[in-house]
Structures are given as structure tokens and as C-alpha cells.
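*Asks:* can you look at this prediction? I've put the sequence above it.
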Amino acid sequence: MNSSNIVEEIKSRCNIVDVIGRVVTLKKAGSNYKGLCPFHNEKTPSFNVNEERQIFKCFGCGESGDVIAFVEKYYNHDFRGACEMLAGEYGIDMTGAFGRSEHKKELYEINRQAARFFYKAFRSGMNPGYAYMKSRGISEEMMNKFGIGYADGGWQTLLNHMESLGVSRDKLMQLGLISQSKGRYYDKFRDRVIFPIIDAGGKVIGFGGRIIGDGNPKYLNSQESDIFQKKNNLYGLNLAKADIRKDDRIVLVEGYMDVISVYQAGIRNVCASLGTALTDNQARLIRQYTKNVILSYDADEAGQNAAMRGIDILYQEGLRPRVLKVSDGKDPDEFIKKNGRSAFVQLMDEALPFGDFKMARISGRYDLNDEQQRLDYLREFIGQLQAMRPVEADLYISKLAEQTGISPQAIRREYETGRQEEPVRPARPAPQETQTAAAELSEVEKTLLKLMLTDMKYTGLPEDIGGLVFRSEEGSLTWRMILEMAQGKGGTGPADISWLKEKAGPEMYEVLEEIDRTIIPPDKSDTIYAQCIDYIRREELKRQEQEITWKLSLDDGTVPDEEMGELMRRLAEIQRKLKGQGV
């Protein structure tokens, strides 16, 4: 049967109301069915399903289509995957339906053979990969269960083996198993412990490689291909899915070793995103198994920032995120080795609800005994309230009032004012790609740092904005390193990026690479530098304007006239300057 006939049979045999009704509560409304849209947060049903025409339409977010389109969207399947899911459920034979099925089947088989090769190399006597995993306390059982492998330091070891099996270089290139440079082909994974990435159906879709010893990058993943998209998969899901459903919760950690260590400790409902930041698709994938998510990311700044981004993604996909605080050790792997399974389970049970975590995280940046900083904190957290559902926002308004000593009425008034305008949404990473440390840098930070790399004369920032430019930890660190170099080399000329990479270490490698890729026309450097400085000054004036306006809006008649007059004068001066800059 050809693919068009299969599609028509699926549509005729799969009642869209039944399929959608499994995951959305639908109520009859005239000739249609209505419910809350599963693709965006809403309080009033705007999601309609028409049984007669076998289509759905959300008048809130615009999503629409037939039963196959719904399965694609909701379950993170491509078209073929959606058809296979529905065909399997309704007993429809799909043999020969899709021409590309043989192509994908071949790629899966190539990856399976590569995984076997790496596994055998790992098991062939003592080698650096095996020694590394033993040094990390991983048992033989876990090494076998996760299919751990080893890629030696040879340039064509895997290539020669796969060619002996009749696999073409073109296919190996498609899967990212080999690379090419100047007409020469070579293994992509060399001198690394290999972690096969296996999808929920048990197929090897890619690989992660951890370098043994020093070198960059520390972790190397397969490139995306027809069978591997990072945004659609979770490491360890093939082993954890049954336990996730059984426990009705999932523990999300950052890396391969965290998954294996936590799993080895007897906590089997554990997975990792392929990169520190979650995507919308991964959140929807999780939703197939549970709505309860515990984030257990590293205790360092990067890990906690990743947790902040992750809870926003999870919350907006209708999940219930909590954040586990690793109190003794940098990451879950380290904590479990020191304290054992019971202590980690206790941390899971005590994980903070997402709003409490945000309160702790954001308030930690402010001195709440200082009136000005307390107001700054209030303004920032009220922005977070705008993205919450009203009942949850009301709960955190009460907590905020207790924490700051400002009346719930004043906070609620500011919150309601914001809701009448465009809501302040939490920053979210682009759904199609994984966030990295480089993504923490603003565009103006990247541009100024690139200018400084080009000529260190640009390191001398004006005094009035010196502390305002580099808001991110990565930007501030890079600036300080360039300043140090400039002081030792007379303050002019190009910076030595190789020296910077060596000094910063592997965790900053990608940040420096991102900065170095920023393009600035050579004859426009002075102009662009001046534009950046003007932009920073303008943004600071706008921030001050908002701050004073906010203070004035919270006044309940207790601010002295003299102080009120000073605030009004400052506001008028700021607005005059902004007008002069054309804002």
C-alpha cells in the first residue's frame, strides 16, 4: 500500500475526538467539542474539535489540522512517526508505505554497528575509557546496561571498520561518525568514552563522547541527522520510561554521568536533556509520561541559571516543575557518592516548587535590608508573577509581601497593572536549539568584546557605564581577562585569543568561540563602539525611569513631600535626556 492510501486509511479509521480526548478533556458544544488547548496555557477553552470534518482548531494560539497533525504536534513525532503511532494503535499495516523508511532503517543499523564496535573496544582488555569509568565508581552492570563504549586515539579506526562492513563514507558523514578536512576523512570521536544515545523505542540515534584527559571540547555529541534531533530526545529515557510512569515523576539531570550515577543508586526515573537547557519539544515528550518534574542541575552558577530557564519551559507546557538543591557536592553524581541514595531521595522529596526556587534565586541577588534593592527585587519578581496562573500568582503575592514587608494590596495593584499591559514573560531559549553559556551574553556584550579582541584600546570603558556593560558572568570574566592582557601589552593591538582560551579553561571555550565569530567591518569599529556606549547609557536611563515611576506608583501617602519632589525632578531630568536621544 502506498503512503497516500495509508494516510487516507488512518484518517478514516482514527476518530479525532477519541484520539484527542485521551489527553484533552473535551465537552460537547453544539456541533463541536471544546477544551483547554494543550499547546498553550489558557483559562477559557478556545480549542475546538469538529468530529464531522475530523479537524481541530485553537482560536487562541492558531494551531490547527487533522488527527495526524495533532499527533505530530502533541507527541513530538514527525509525519511518518505520527502515522506509525496511529497505525499501530488501530492495526493498520504500513508495510512499504514510506520510501524513506528504508533510508532511516539503514542509518539506525549503521549506528547500531558503530555502538557495537565502541562497546567491544571498551571491553577488549584494559584501556583508558574503561579505567576512567571505573575511577568514577561505575559498576560493570551499569556499564553494560548503558552500552558504554570507547573510541581510541586513532584517526581512522572506526572508519576502517565500518568500510569493512560495506558502509559508505557518505552515510558515516551524514551521521557525524566521521569528519572531512582537505579531502581527508577521519573519525570524529577519538580518545573518548562513548555514551550511545538511544531513543524511547530502543534505537541508537547518536553518540556522546567524553574526552579522556585534557582537551576541548570536554563533551562531543553527534551532529543532527535524519534520525537524531537533540531537541526531541532525552538521554536515558529508554531505560527510565517505565519507572517514570510508575513513580509519576521524572528527575532531570545535566549529563550522561549524572544519569548513570543516579540510576546506579537505585533511582531509575532519571534522564538528561542533551545539553543543559530544555526545549519545548523535550517538555512535551516528558508530558507523555508524567507532569511532575524534579530538576537536579549542578549547584554552580551555570547549573542554577539552566534550572531557571528549564522551569519556565516546563511550566509553560503545563508541567509541575520543582528544583532539587544539591547541598553537598557540585552535582548529583558527586552528592550520591558522598551521601548515598536515601539522602538524595530526601532531597527529591524536599525539592522546591518552581515559584519558591525563583524567589530564593532572585532575592539572593539583592540586599533586602536596603530599601532601594528591595524595590528592585520586587519589580523583578513581579515580572515573574505575570507569567504565572492567577491562583499561583496570588499565593506568591502573599509570600512576597511577607518577605519584603510591603503590603499585598500594593503588590497586587502593580501586578494587575502589568497584566493589563503586555505580560512580562520569562526569557526562553529558542526551541530549536540548545542553550549554551555563550547564549547568556547579550548582543551588545558580544559586540564590545569582539571589538576588544580586535583592538584592546576598546577595553577602556567610560566611568559612568563601567559597571553596567557586562551583566553576564561570562561577559564580565572575558572582559577582566582582556583587561589583564591589555595591561601587560601596552593596551593596544589585537588580543591573543589562544591565551584567553587557555587561561579561561574548557568551560569558557564556546563563549570565546561565539565572541570571535561576531563580525564587525574593520572601518566601522569606532562607530560601532560609540553606538554600543550610547545604547548602554540609553538603557540605563530607561531603567531609572521605570524605577522611579514604579516607586511613585507604590506611594500610599507616606513618602515625604521633599523626597517626592526630588523623585519628580529626577524623573523629569531623565525623560529630558531620553527625549534628547530620540527615545
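*Replies:* Nice, I can see it.
*Asks:* burial measure for residue 277, as a count.
*Replies:* 22 (other C-beta atoms under 10 Å). Heads up, the C-betas are built off the backbone N, CA and C, glycines and all.
*Asks:* doesn't residue 308 make contact with it?
*Replies:* No: counting by C-beta atoms under 8 Å, residue 277 sits too far from residue 308 to count as a contact (10.2 Å).
*Asks:* for this structure, which helix is longest?
*Replies:* Scanning the chain for the longest helix, with DSSP state H as the assignment, gives helix 525-554.
*Asks:* same for the helix or strand following that helix, what does it pack against?
*Replies:* Reading on from helix 525-554 to the C-terminus, the next helix or strand found by DSSP states H and E is helix 561-580. Contact here means 3 or more C-beta pairs under 8 Å, 6 or more residues apart in numbering; DSSP states H and E; on that basis helix 561-580 packs against helix 525-554.
*Asks:* what is the mean pLDDT for the helix it packs on?
*Replies:* Regarding helix 525-554, the rounded mean pLDDT is 80.
*Asks:* stretch 189-199 now?
*Replies:* pLDDT averaged over stretch 189-199 gives 96.
*Asks:* how long is stretch 238-255 end to end?
*Replies:* Start-to-end span of stretch 238-255 (C-alpha to C-alpha, to the nearest Å) is 16 Å.
*Asks:* list the buried residues in it.
*Replies:* Counting neighbours by 16 or more other C-beta atoms under 10 Å, one finds that the buried residues in stretch 238-255 are 238-241, 243-244, 247, 249-255.
*Asks:* from residue 297, how far out is the spatially most central residue of the chain?
*Replies:* For the chain, residue 277 is the residue whose C-alpha lies nearest the centre (C-alpha atoms, centre = their mean; 1.8 Å). Distance of residue 277 to residue 297, computed by C-beta to C-beta, to the nearest Å: 10 Å.
*Asks:* now residue 342
*Replies:* Applying C-beta to C-beta to residue 342 and residue 297 gives a distance of 21 Å.
*Asks:* out of the two, which sits in the more crowded spot?
*Replies:* A count of neighbours by other C-beta under 10 Å puts residue 297 above the other of residue 342 and residue 297, at 27 against 10.
*Asks:* what two of the buried residues of stretch 238-255 are the furthest from one another?
*Replies:* Taking C-beta to C-beta as the measure, these span a maximum distance of 21.5 Å, between 247 and 255.
*Asks:* that's a helix at residue 61, yeah?
*Replies:* No: counting by DSSP: H, G, I helix; E, B strand; the rest coil, residue 61 is not part of a helix but coil.
*Asks:* so what's the residue nearest to it when sequence neighbours are not counted up against?
*Replies:* Closest residue to residue 61 apart from its sequence neighbours, by C-beta to C-beta, 6 or more residues apart in numbering: residue 40 at 4.3 Å. Applying C-beta atoms under 8 Å, 6 or more residues apart in numbering, we find residue 40 in contact with 58, 60, 61, 316.
*Asks:* circling back to that earlier point, can you tell me which of the buried residues of stretch 238-255 is nearest residue 231?
*Replies:* residue 252 (14.7 Å).
*Asks:* Provide the secondary structure category for that closest one.
*Replies:* Once three-state DSSP is applied, residue 252 turns out strand.
*Asks:* quick one: residues contacting it.
*Replies:* Going by C-beta under 8 Å, 6+ apart, residue 252 touches 234, 270, 271, 272, 273, 278, 293, 294, 295, 296, 297, 310.
*Asks:* equivalent analysis for residue 142, please.
*Replies:* 260, 263, 264.
*Asks:* 10 Å instead?
*Replies:* When contacts are counted by C-beta atoms under 10 Å, 6 or more residues apart in numbering, residue 142 is found next to 133, 148, 259, 260, 261, 263, 264.
*Asks:* want to throw these into CSV with distance to residue 14, pLDDT and secondary structure?
*Replies:* Putting the contacts of residue 142 into CSV (distance: C-beta to C-beta, whole Å; pLDDT from 0 to 100; DSSP: H, G, I helix; E, B strand; the rest coil) gives the following:
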residue, distance to residue 14, pLDDT, secondary structure
133, 46, 96, helix
148, 41, 98, coil
259, 35, 96, helix
260, 39, 97, helix
261, 42, 94, helix
263, 36, 96, helix
264, 41, 96, helix
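*Asks:* distance to residue 512 added to the residues you listed, as JSON lines?
*Replies:* Listed next are the contacts of residue 142 as JSON lines, based on distance: C-beta to C-beta, whole Å:
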{"residue": "133", "distance to residue 512": "30"}
{"residue": "148", "distance to residue 512": "31"}
{"residue": "259", "distance to residue 512": "29"}
{"residue": "260", "distance to residue 512": "30"}
{"residue": "261", "distance to residue 512": "30"}
{"residue": "263", "distance to residue 512": "34"}
{"residue": "264", "distance to residue 512": "35"}
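*Asks:* list only buried entries from these.
*Replies:* 133, 148, 259, 260, 261, 263, 264.
*Asks:* pretty sure the second one is in contact with residue 138, am I right?
*Replies:* Yes: counting by C-beta atoms under 10 Å, a contact exists between residue 148 and residue 138, whose distance comes to 7.7 Å.
*Asks:* assign a three-state SS to the residue nearest to residue 61, would you?
*Replies:* Classified using three-state DSSP, residue 40 is coil.
*Asks:* ok, it to residue 284 distance?
*Replies:* Distance from residue 40 to residue 284, by C-beta to C-beta: 12 Å.
*Asks:* spit out the residues that contact these two alike.
*Replies:* Counting by C-beta under 10 Å, 6+ apart, the shared contacts of residue 40 and residue 284 are 317, 318.
*Asks:* residue ranges with poor pLDDT in the stretch 101-250 of the chain?
*Replies:* 101 (pLDDT under 70).
*Asks:* break this protein into its domains for me.
*Replies:* 3-90, 100-228, 437-520, 536-580 (automatic domain parsing).
*Asks:* of all the ones you listed, which lies closest to residue 323?
*Replies:* domain 437-520 (18.8 Å).
*Asks:* export stretch 290-299 as PDB, just CAs?
*Replies:* Only the C-alpha atoms of stretch 290-299 are listed here, as PDB (Å, rounded to 0.1, in the frame of the first residue of the first chain):
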ATOM      1  CA  THR A 290       4.300  12.400  33.800                       C
ATOM      2  CA  LYS A 291       3.500  16.000  34.700                       C
ATOM      3  CA  ASN A 292       5.800  16.100  37.800                       C
ATOM      4  CA  VAL A 293       9.400  17.100  37.100                       C
ATOM      5  CA  ILE A 294      12.300  17.500  39.500                       C
ATOM      6  CA  LEU A 295      15.200  19.400  38.100                       C
ATOM      7  CA  SER A 296      18.600  18.400  39.600                       C
ATOM      8  CA  TYR A 297      21.200  20.500  37.900                       C
ATOM      9  CA  ASP A 298      24.700  21.400  39.100                       C
ATOM     10  CA  ALA A 299      25.000  23.700  42.100                       C
END
